[in-house]
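Undergrad: Make a model of this:
(chains A and B)
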Amino acid sequence: MRHHITLRIGPATFRIGSAWRQPIEQLARLYAAYPDVQGAIADFTVRLQPTSLLRRFVRPSIFITGDHGLADAAPMSLAHGLLAAEMGMNLQMALGWRRHLLLHASSVEKDGRVLVMTGESGSGKSTLSALLGERGWRFMGDEFALLDCDTGAILPFPRLVSLKNRAIDVVTGAVGEARMGPLLTATAKGDIRHMVPRADAVARMDEGGMPALLLFPRFGHAADVRTLGQGEIFMRLTQASTNYVAMGEPAFTGLTRFVRQVPARAIDFASGEEAFAMVDRLWEELA
Amino acid sequence: MSAALLVQVLRDPAQSGRLDAEGWNRLLAAARAERLIGTLAYRLDDVAVPDAARLVLTDAKRDTAREGQQALWEADRAADAMRGLDVKPILLKGTAYVAADLRAGQGRFIGDLDILVPRNAMPAVERALIAAGWEWVKEDPYDEAYYRQWMHELPPMIHVERDRMIDVHHTVLPLTARQTPEAAAMIADAIPIANGLYILSAEDRIVHSAAHMLADGDMQGGLRNLWDIHCLLPDADPAALDARAARHGLARHVGQARRLAGALYGDGARLTLWDRLVRARLLARNGWGQESRKLLVFAFYIRSHWLRMPPAMLMRHLWNKWRKGHRPQ
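TA: This is a model prediction of the structure:
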């Protein structure tokens, strides 16, 4: 394809091709501090291609695909090209990654031990991981936590953090403009802005850690902490995994061990400060 | 063209030794797009491969192994549902190759479960499958009626719990096609394998694959079909294959499949002009895994409809599909 870039995030290398220049330029700027892997053999190919010949030039419209794709993926405007590239990489991981169990979760690390936070879109797990990453934790990822089914460790996947709507101002205030990507308005999920993780998160992106605490955060509710049964935790994690079925027996064994060994709580909170206090306390008590 | 590179490496795995990283990226993208990555992985077992590529190939092998296991389970479930019907469940394509442990099954991607049963047993098979949890995928009455009147298979069904598709065939080509293979002869000569399952004879396997590739459809996935044929050919007796192909009215197609398999994956063959056009269509894939040669690909798409039905019927069919909002990809 005419424009392309190769990026490595944690254990996965992506070759991203685009019919247009803008998305690749934006990626190059925001991933500038990541390892230089130009010319490497990639695990996945991502393609940002026009939905039709005409849509390359007139009201350009991106069809996101690659080695793995969805035939009915919604087309995206070129103005959201950066988001399209990020979604393209996520799509490859979600459908094609087989070397670790993929949990739709954010994760942060302290003293070699990992806090995993999982929840639906809008639960606050991304924002929480981004902000904890500015408060003494090492940010490991806001979208996927990779569970190594052999060792039980969680490995980082520290791509750009994707912040939505209200979280944008909160996080921009905390990290400053220099680490923020362009504001993408009126996407399917509202306003989105990407944040570059701290240098230490990128420098240590090959370094995993053993999971020590699992949280199910829920933003926008009165403060509360609940315990969950292991059966429920297991089922929720299989639902939060895109490759649990495809990985077969190793995934079952690895996830069973994870659920048995890692203490878990569901937490509700109405503000960031409340969430930080809960995380600190639970980490102190349980991890 | 990267499909050409893929074909080269499948034919002679040592050719991968001269690839740089860019070459590997093109090879892997083309192999994935053609659903030949698992096959490629097995072919490259005994040659030195860069670590990064080896990881990708190992993933592909693991995936196809799981797919094979899943396919065998689906075959087992379908056979179980049909028990007591006095109908031989004959496996076709990928599942058959894996179930019989044929070379064509090694690393093969397997989509749906395809089985062949006699046409007069179709209603009983349909009832048995529905009772065992399969249900219709297509809701559209036109498509449903079209399948039942003109196609060589039931409309696709999907299992309600396992989310896997089954295609129940009663012959090899649509009833509207110009050739009418003898399904009864294929069924009569089917070979039992393990667990109450059957596969076609060595010759019929090739006839079926060649018919599927060259007398039906627009050659999507043609490189994989041709790889199947290349792997199936050594099991068949050449004279018996000629006789069988002639009996099914598919001598021309089997001859072309042999030449193309020889030219692309074997020791070479003399190609006719028409063979060369087909080869150009088969190799229409670039280093990003995208389809190239759009006009040629579109021409083969048109041809696939031409093959399937007489002109007046084709016009009616296209009009109906257009009205319903269907557009060629």
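
Undergrad: Just list the residues touching the residue positioned nearest the centre of chain B, thanks.
TA: Central residue of chain B (Cα atoms, centre = their mean): residue B:225, 5.2 Å from the mean position. Residues near residue B:225 by Cβ atoms under 8 Å, 6 or more residues apart in numbering or on different chains: B:209, B:212, B:213. In short, each C-beta sits where N, CA and C put it, glycine included.

Undergrad: For residue A:245, see how far away residue A:175 is.
TA: Distance, residue A:175 to residue A:245, using Cβ to Cβ, to the nearest Å: 37 Å.

Undergrad: These two - which one has more neighbours?
TA: Taking other Cβ atoms under 10 Å in any protein chain shown, residue A:175 and residue A:245 do not tie; residue A:175 has more neighbours (18 against 13).

Undergrad: nearest residue to the residue in chain B that chain A sits nearest to other than its sequence neighbours?
TA: In chain B, no residue comes nearer to chain A than residue B:52, which is 3.9 Å away by Cβ to the nearest Cβ. Nearest residue to residue B:52 in three dimensions, chain neighbours excluded: residue A:41, at 3.9 Å (Cβ to Cβ, 6 or more residues apart in numbering or on different chains).

Undergrad: ok so, going back, from the contacts of residue B:225, which land in strands?
TA: Counting by DSSP state E, no part of those is found in strands.

Undergrad: Let me have those in TSV, extended by neighbour count, distance to residue A:228 and pLDDT.
TA: Shown next, in TSV, are the contacts of residue B:225 (neighbours: other Cβ atoms under 10 Å in any protein chain shown; distance: Cβ to Cβ, whole Å; pLDDT from 0 to 100):
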residue	neighbour count	distance to residue A:228	pLDDT
B:209	26	52	97
B:212	21	51	93
B:213	24	53	95
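
Undergrad: what does the stretch 51-200 of chain B put close to chain A?
TA: Within reach of chain A by Cβ under 8 Å from any Cβ of the partner chain, the stretch 51-200 of chain B has these residues: B:52, B:53, B:55, B:56, B:59, B:62, B:63, B:66.

Undergrad: hang on, residue A:145 packs against residue A:103?
TA: Yes: if you go by Cβ atoms under 8 Å, residue A:145 and residue A:103 touch, sitting 4.6 Å apart.

Undergrad: okay, and the common contacts of those two?
TA: Overlap of the contact sets of residue A:145 and residue A:103 (by Cβ under 8 Å, 6+ apart) consists of A:116, A:118.

Undergrad: And whichever residue of the stretch 101-250 of chain A sits closest to chain B, how far from residue B:72?
TA: Using Cβ to the nearest Cβ, the closest approach of the stretch 101-250 of chain A to chain B is made by residue A:248 at 5.5 Å. To residue B:72, residue A:248 is 14 Å away according to Cβ to Cβ.

Undergrad: okay, the residue nearest to residue B:181 when sequence neighbours are not counted: pLDDT?
TA: Leaving aside its chain neighbours, residue B:181 sits nearest to residue B:248 (3.9 Å; criterion: Cβ to Cβ, 6+ apart). For residue B:248, the pLDDT comes out at 96.

Undergrad: OK, contacts around residue B:248?
TA: Residues in contact with residue B:248 (Cβ under 8 Å, 6+ apart) are B:172, B:179, B:181, B:182, B:185, B:186, B:207, B:211.

Undergrad: quick one, phi psi at it?
TA: phi -90, psi 0 (degrees, to the nearest 10).

Undergrad: what's the average pLDDT for stretch B:232-240?
TA: Per-region confidence: stretch B:232-240 scores 97 on mean pLDDT.

Undergrad: next one: stretch B:182-189
TA: Per-residue pLDDT over stretch B:182-189 has a mean of 96.

Undergrad: buried set for that stretch?
TA: Residues of stretch B:182-189 classed as buried by neighbour count (16 or more other Cβ atoms under 10 Å in any protein chain shown): B:182, B:183, B:186, B:187.

Undergrad: Sort out which of these are in helices and list them.
TA: Taking DSSP state H, the ones among the buried residues of stretch B:182-189 that sit in helices are B:183, B:186, B:187.

Undergrad: Show me how chain A divides into domains.
TA: As recorded under automatic domain parsing, the domains making up chain A are A:3-96, A:101-286.

Undergrad: can you put these in JSON lines and add mean pLDDT?
TA: Formatted as JSON lines, those follow (pLDDT from 0 to 100):
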{"stretch": "domain A:3-96", "mean pLDDT": "95"}
{"stretch": "domain A:101-286", "mean pLDDT": "95"}
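
Undergrad: For chain B, which segments count as strands?
TA: Taking DSSP E, the strands of chain B run over residues B:90-91, B:113-116, B:134-136, B:157-159, B:165-169, B:191-192, B:198-199.

Undergrad: ignore the last one, the stretch 101-250 of chain A
TA: Shown for the stretch 101-250 of chain A, the strands assigned by DSSP state E, counting those that start in this stretch span residues A:101-110, A:113-118, A:138-141, A:144-147, A:154-155, A:161-164, A:184-187, A:190-195, A:210-219, A:224-226.

Undergrad: Present these as CSV; the columns should include mean neighbour count and distance to chain B.
TA: Shown next, in CSV, are the strands of the stretch 101-250 of chain A (neighbours: other Cβ atoms under 10 Å in any protein chain shown; distance: least, Cβ to the nearest Cβ, whole Å):
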stretch, mean neighbour count, distance to chain B
strand A:101-110, 26, 13
strand A:113-118, 24, 24
strand A:138-141, 27, 20
strand A:144-147, 28, 14
strand A:154-155, 26, 14
strand A:161-164, 23, 25
strand A:184-187, 15, 25
strand A:190-195, 20, 25
strand A:210-219, 22, 24
strand A:224-226, 12, 32
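
Undergrad: what's the distance between stretch A:133-147 and the middle of its chain?
TA: How far stretch A:133-147 lies from its chain's middle: 9 Å, per Cα atoms, centre = their mean, to the nearest Å.

Undergrad: pretty sure residue B:19 is touching residue B:28, no?
TA: No: taking contacts as Cβ under 8 Å, residue B:19 lies outside contact range of residue B:28: 10.1 Å.

Undergrad: So which of those two has more stuff around it?
TA: residue B:28 (28 against 18).

Undergrad: tell me the contacts of the more buried one?
TA: A:41, A:42, A:45, A:67, B:37, B:53, B:56.

Undergrad: residues near the closest residue to residue B:132 other than its chain neighbours, how many?
TA: Counting by Cβ to Cβ, 6+ apart, residue B:81 is the residue found nearest to residue B:132 once chain neighbours are left out, at 3.6 Å. With neighbours defined by other Cβ under 10 Å, the count for residue B:81 comes to 21.

Undergrad: again with residue B:274
TA: Burial measure for residue B:274: 10 neighbouring residues, criterion other Cβ under 10 Å.

Undergrad: now residue B:179
TA: Around residue B:179 there are 16 other residues, counting by other Cβ under 10 Å.

Undergrad: residues contacting residue A:201?
TA: By Cβ under 8 Å, 6+ apart, the contact set of residue A:201 is A:133, A:138, A:139, A:140, A:156, A:158.

Undergrad: Now do the contacts for the spatially most central residue of chain A.
TA: Centroid check for chain A by Cα atoms, centre = their mean gives residue A:143 as the closest residue, at 1.9 Å. The contact partners of residue A:143, by Cβ under 8 Å, 6+ apart, come to A:90, A:104, A:106, A:126, A:157, A:159, A:162.

Undergrad: Recalculate using a threshold of 10 Å.
TA: Counting by Cβ atoms under 10 Å, 6 or more residues apart in numbering or on different chains, residue A:143 makes contact with A:86, A:89-90, A:93-94, A:102-107, A:125-126, A:129, A:157-162.

Undergrad: Right, I'll leave it there.
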